[in-house]
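A.B. asks: just need the structure, nothing else, for what follows:
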Amino acid sequence: PSRAGQRRRFNSGGEWHVPNKVTVPMDQVELSFTRSGGAGGQNVNKVNTKVEIRFLLSEANWIPEEVRNRIRQNEAGRISKDGYLTVTSQEYRTQAQNRKDAVNKVEEILLKSWPRPKVRKLRKGLTKAAKERRREDKKKRSQVKANRKQVDF
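C.D. replies: Predicted coordinates for the structure are as follows:
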């Protein structure tokens, strides 16, 4: 049978597996620390607790190309003009907790973008139930109009 009319759904062959957990290679990302706002008293003015993780999405070979494309679509607000994906965290008072939180955020983004989107098929025409309802309505309407005719006595 010819496949000329059919389109391939995905750009890579084989079975697609979505991992349960993704680990971010820390040697492949840039970490920077700055002073964080928010609670912390005088400590907040002295310690660089805010964490920023950056990496060039196009050169992140540890992420499949297909997933990188989905990240570009889904997380466009986090990607700079230069193509860097930036994630920050300043939730906690310690640098270690914020670092862990930022890495978790990157892992969440990856896991959210990993599964392939479902291919949705649009129905063409009416459903069987809708056709049946339409026929019933036509019969009722026909009956109403027939009852309007003059009757011979």
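A.B. asks: which residues of this structure fall in strands?
C.D. replies: Secondary structure of the chain (DSSP state E): strands at 30-34, 50-56, 84-89.
A.B. asks: longest helix of the chain?
C.D. replies: For the chain, the longest helix by residue count, based on DSSP state H, is helix 128-148.
A.B. asks: quick one: contacts of that one?
C.D. replies: Here helix 128-148 makes contact (CB atoms under 8 Å, 6 or more residues apart in numbering) with residue 126. Where you see a C-beta, it was placed from the backbone N, CA and C, and this is true even at glycine.
A.B. asks: what does stretch 37-57 give?
C.D. replies: 24, 28-36, 63, 68, 71-72, 79, 82-90, 92-95, 98-99, 101-103, 105-106.
A.B. asks: now the strands of the chain as TSV including distance to residue 119?
C.D. replies: Formatted as TSV, the strands of the chain follow (distance: least, CB to CB, whole Å):
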stretch	distance to residue 119
strand 30-34	36
strand 50-56	30
strand 84-89	27
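A.B. asks: can I get the ones you listed in TSV including mean pLDDT?
C.D. replies: Shown next, in TSV, are those (pLDDT from 0 to 100):
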stretch	mean pLDDT
strand 30-34	79
strand 50-56	85
strand 84-89	85
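A.B. asks: to residue 117, which of those lies closest?
C.D. replies: Nearest to residue 117 among those is strand 84-89 (19.8 Å), distances taken as CB to CB.
A.B. asks: in its sheet, what does the helix or strand of the chain with the lowest mean pLDDT sit against?
C.D. replies: Least confident helix or strand, the chain: strand 30-34 with a mean of 79, by mean pLDDT, DSSP states H and E. Paired strands of strand 30-34, with direction, are strand 50-56 (antiparallel) (DSSP bridges).
A.B. asks: report the buried residues of the strand it pairs with.
C.D. replies: Neighbour-count burial for strand 50-56 flags 50-55 (criterion: 16 or more other CB atoms under 10 Å).
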